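Enquirer: A predicted structure for the sequence below; I have some questions about it.
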Amino acid sequence: VAAPADRGMPDHRGARRRGRGLLALWIVVVLLLGAVVAGAAWWLGTGRWTAMPSVVGLDRPAAEKLLADSDLVVTVTEAHHDTVADDVVAAAEPAPQSRLLRGSEVRLTVSTGRPVVPAVAPGAAVAAAEQQIRDADLTPVQSVTATEFSETVPQGAVVRTNPAAGSPLAIGAPVTLVLSKGAQPKQVEVPYVVGDRLREAQQTLRDAGFAVEVESDFPFGGRDNGRVVRQDPDAGETATRGATITLTVF
């Protein structure tokens, strides 16, 4: 019986299929290699570079997002600013459109607005209060007239500031420290000593908290045995404890 004439055809067709498959595989490999080479060329050429966006005047979240989208790393410094609102970018480095490697660090200065007068605690020492004001980017000032009596703050310590705590000011503006003169001296009624012997009058006034000065009309001594004929201030008036009462003796 004769063999079929197309017995060898299946092997030939299989070889053709394998050839086409191998060709397709090589095409895929070549395309992949081309993509890798193109990607590497892009990265080594322009792909690893980015541009610094313009962020001055943006609020902080918007600026940070824009820089992150540009593959840049942000470092933020906060500082007072007289004209830029709080939480707004006042300055940026490097300059806009600078060519940077992706992942480079950029520096933002974010405004905290105008400085405000700090809350200095009543009774604070002058040196500590001055440092607190300097830390707020303001200038501490003392004045001989900026004093007042205080029942609670010791003499020489800070009573308050002028302007008051919380007031917004320009950077470096002066802030006056108002210092305590201590408790206000009490007013005491002056006792009546006219007609008393000088020694008795002196003792009465000293017991009331006054100092005594004596004017005498005695030409030949014996003043201590004289009597008070006038007092200044007059009896019944009020004077500060520790004030001097002048007595005229005859």
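Expert: It's in. Residues are numbered from 1 along each chain as shown.
Enquirer: alpha carbons only for contacts and neighbour counts from here, please
Expert: OK.
Enquirer: okay, which residue is most central for the chain?
Expert: Ala136 (3.2 Å; CA atoms, centre = their mean).
Enquirer: May I have stretch 192-209 exported as PDB, CA atoms only?
Expert: The C-alpha trace of stretch 192-209 is given here as PDB (Å, rounded to 0.1, in the frame of the first residue of the first chain):
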ATOM      1  CA  TYR A 192      -1.900 117.700 117.100                       C
ATOM      2  CA  VAL A 193       1.200 118.600 119.100                       C
ATOM      3  CA  VAL A 194       1.000 122.400 119.400                       C
ATOM      4  CA  GLY A 195       1.500 123.300 123.100                       C
ATOM      5  CA  ASP A 196       3.400 120.100 123.900                       C
ATOM      6  CA  ARG A 197       6.900 120.100 125.200                       C
ATOM      7  CA  LEU A 198       9.300 119.400 122.300                       C
ATOM      8  CA  ARG A 199      10.400 116.000 123.500                       C
ATOM      9  CA  GLU A 200       6.800 114.900 124.000                       C
ATOM     10  CA  ALA A 201       5.800 116.200 120.500                       C
ATOM     11  CA  GLN A 202       8.800 114.500 118.800                       C
ATOM     12  CA  GLN A 203       7.800 111.200 120.400                       C
ATOM     13  CA  THR A 204       4.200 111.500 119.400                       C
ATOM     14  CA  LEU A 205       5.100 112.200 115.800                       C
ATOM     15  CA  ARG A 206       7.600 109.500 115.600                       C
ATOM     16  CA  ASP A 207       5.100 107.000 117.000                       C
ATOM     17  CA  ALA A 208       2.800 108.000 114.200                       C
ATOM     18  CA  GLY A 209       5.500 107.200 111.600                       C
END
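Enquirer: Give the buried residues for that stretch.
Expert: For stretch 192-209, the neighbour count (16 or more other CA atoms under 10 Å) marks 192-194, 196-198, 201-202, 204-205, 209 as buried.
Enquirer: average model confidence for it?
Expert: Per-region confidence: stretch 192-209 scores 93 on mean pLDDT.
Enquirer: With stretch 215-225 instead?
Expert: Per-residue scores along stretch 215-225 average to 62.
Enquirer: For Leu55, list the residues it contacts.
Expert: Wrong residue type there; residue 55 is Val, not Leu. 63, 66, 89, 92, 96 (CA atoms under 8 Å, 6 or more residues apart in numbering).
Enquirer: Over to Asp86?
Expert: 110-113.
Enquirer: who wins for neighbours among those?
Expert: Val110 (26 neighbours; other CA atoms under 10 Å).
Enquirer: can you list the residues that contact stretch 140-149?
Expert: 130, 133-134, 174-184.
Enquirer: typo on my end, stretch 115-133
Expert: For stretch 115-133, the external contacting residues (CA under 8 Å, 6+ apart) are 80-82, 136-140, 153-154, 156-161, 163-171, 175, 177.
Enquirer: so Pro163 touches Thr176, yeah?
Expert: Yes. Judged on CA atoms under 8 Å, Pro163 makes contact with Thr176 at a distance of 7.2 Å.
Enquirer: of the two, who's got more company?
Expert: Thr176 (19 against 15).
Enquirer: Please, which helix or strand holds the closest residue to that one other than its chain neighbours?
Expert: Leaving aside its sequence neighbours, Thr176 sits nearest to Val141 (CA to CA, 6 or more residues apart in numbering; 4.6 Å). Under the criterion of DSSP states H and E, Val141 resides in strand 139-148.
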